[in-house]
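Asker: sequence plus the predicted model coming up.
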Amino acid sequence: MGTEVFKGSRKSRRAWAAAQKKYMRPGGLTHLYVKHDDFCELLAVGYLCTCNPTRVLKDDVGRILAVVENAGSYSPLEFLGSGQHD
Ligand SMILES: [Zn+2]
């Protein structure tokens with residue numbers, strides 16, 4: 001079984017970083033959704049994302065704030081240190 005990790009595009013990664021910075025404020029209620037594909041190994045092993053998920057930020061009433069595609073494989077470590085990930 002090949003393990004492929006998607007890098008995505010730099011533009012998308014920057015857009016995602018900018019969206020988080022803009023919407024994920026300390027004390028704010030922002031929900032983060034990462035839509036993995038069914039085959040993604042993150043769902044099986046818990047730490048290795050092998051798809052290229054769509055990332056979505058929503059506010060506390062479910063309104064979509066930002067949608068970023070092709071930002072590459074999602075790492076659970078992405079948010080360590082930010083202190084804003086629930
Ligand atoms: Zn994944």
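Answerer: Sure thing, it's come through. Being a predicted model, the structure only gives us computed values, none of them experimental.
Asker: looking at the chain, which helix is longest?
Answerer: As assigned by DSSP state H, the longest helix anywhere in the chain is helix 10-23.
Asker: show me what that helix is packed against.
Answerer: strand 54-59, strand 64-68 (3 or more C-beta pairs under 8 Å, 6 or more residues apart in numbering; DSSP states H and E). (C-beta placed from N, C-alpha, C; glycine too.)
Asker: and of these, who's closest to Met24?
Answerer: Nearest to Met24 among those is strand 54-59; the distance by C-beta to C-beta comes to 7.2 Å.
Asker: what residues does this structure put near the ion?
Answerer: 36, 40, 42, 49, 51, 53 (C-beta under 5 Å from the ion).
Asker: quick check, nearest of these to Gly8?
Answerer: Comparing those against Gly8 with C-beta to C-beta places Pro53 closest, at 9.6 Å.
Asker: contacts only, for that closest one.
Answerer: Counting by C-beta atoms under 8 Å, 6 or more residues apart in numbering, Pro53 makes contact with 34-37, 40, 73-74.
Asker: out of those residues, which end up buried?
Answerer: 34, 36, 40, 73-74 (16 or more other C-beta atoms under 10 Å).
Asker: now tabulate these in TSV and tack on pLDDT and secondary structure.
Answerer: Shown next, in TSV, are the buried ones among the contacts of Pro53 (pLDDT from 0 to 100; DSSP: H, G, I helix; E, B strand; the rest coil):
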residue	pLDDT	secondary structure
Val34	93	strand
His36	94	coil
Cys40	93	coil
Ser73	94	coil
Tyr74	91	coil
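Asker: closest one of those residues to Asp60?
Answerer: Taking C-beta to C-beta as the measure, Asp60 lies nearest Val34 of the buried ones among the contacts of Pro53, at 18.2 Å.
Asker: what's opposite the closest one in the beta bridge?
Answerer: Counting by DSSP bridges, Val34 is bridged to Arg55.
Asker: verify the stated contact: it with Leu57.
Answerer: No. Contact status for Val34 versus Leu57: not in contact, 10.3 Å apart, counting by C-beta atoms under 8 Å.
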